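Colleague: have a look; sequence and predicted model below, questions after that.
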Amino acid sequence: MTASSLPSSDRPQCRIIRPVSTYDGKQGFSYFQGIARETVGASGICMHLLTIPPGGRAKAHLHENHETAIYVVSGVSGTWWGERLEHHETVAAGELFYIPAGVPHLPYNSGSEPCVAVIARTDPNEQESVVLRPDLEALVPG
């Protein structure tokens, strides 16, 4: 049965999400609710808005089997990444950052302004693929 042969009430629907409510992620940040299985029934993507406050730092983590794409709208964020968080990148407004599936990372904001980013993952569930890596926490400066 194709989507067009389903009764109209069972067909996928276009939806608008207004990011006004937040949820606390396992990573240690609050995210604005966005596109996900939980909000719109997405089957292959999750996209939400994140504001990292000045001095904010996530917990070291990875996303099993799912890629992440980030677009920084405003501000600057740093990210430690790699098996032992041995690599570092700084991403600024107007830049995009790609994190392959399964790569440990730890984003933070050491600046004086909030960093706002749009985050998309190939996992339709907002938090299902998040794996915390507390064993890596002490490897990067505080």
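Modeller: Yep, it's here.
Colleague: only C-alpha atoms from now on, for both contacts and neighbour counts.
Modeller: Will do.
Colleague: what helix or strand is the spatially most central residue of the chain on?
Modeller: The C-alpha lying nearest the average C-alpha coordinate of the chain belongs to Ile119 (C-alpha atoms, centre = their mean; 4.4 Å). Using DSSP states H and E, Ile119 sits in strand 115-121.
Colleague: tell me which other helices or strands that strand touches.
Modeller: Using 3 or more C-alpha pairs under 8 Å, 6 or more residues apart in numbering; DSSP states H and E, the elements in contact with strand 115-121 are strand 46-52, strand 68-74.
Colleague: out of the ones you listed, which is the most enclosed?
Modeller: Compared across the helices and strands packed on strand 115-121, strand 46-52 shows the largest average neighbour count, a mean of 22 (mean count of other C-alpha atoms under 10 Å).
Colleague: got the angle between that strand and strand 115-121?
Modeller: Taking axes from the mean of the first three to the mean of the last three C-alpha atoms, to 10 degrees, one finds strand 46-52 and strand 115-121 inclined to each other by 160 degrees.
Colleague: re earlier: downstream neighbour of the strand holding Ile119 in the secondary structure list?
Modeller: Next element after strand 115-121 (DSSP H and E): strand 130-132.
Colleague: give the pairing partners of that following strand; include direction for each.
Modeller: Strand pairing for strand 130-132, using DSSP bridges, gives strand 61-63 (antiparallel).
Colleague: any weak-confidence spans in this protein?
Modeller: 1-9, 23, 142 (pLDDT under 70).
Colleague: need the helices for it, in chain order.
Modeller: With helices called from DSSP state H, the chain shows them at 37-40.
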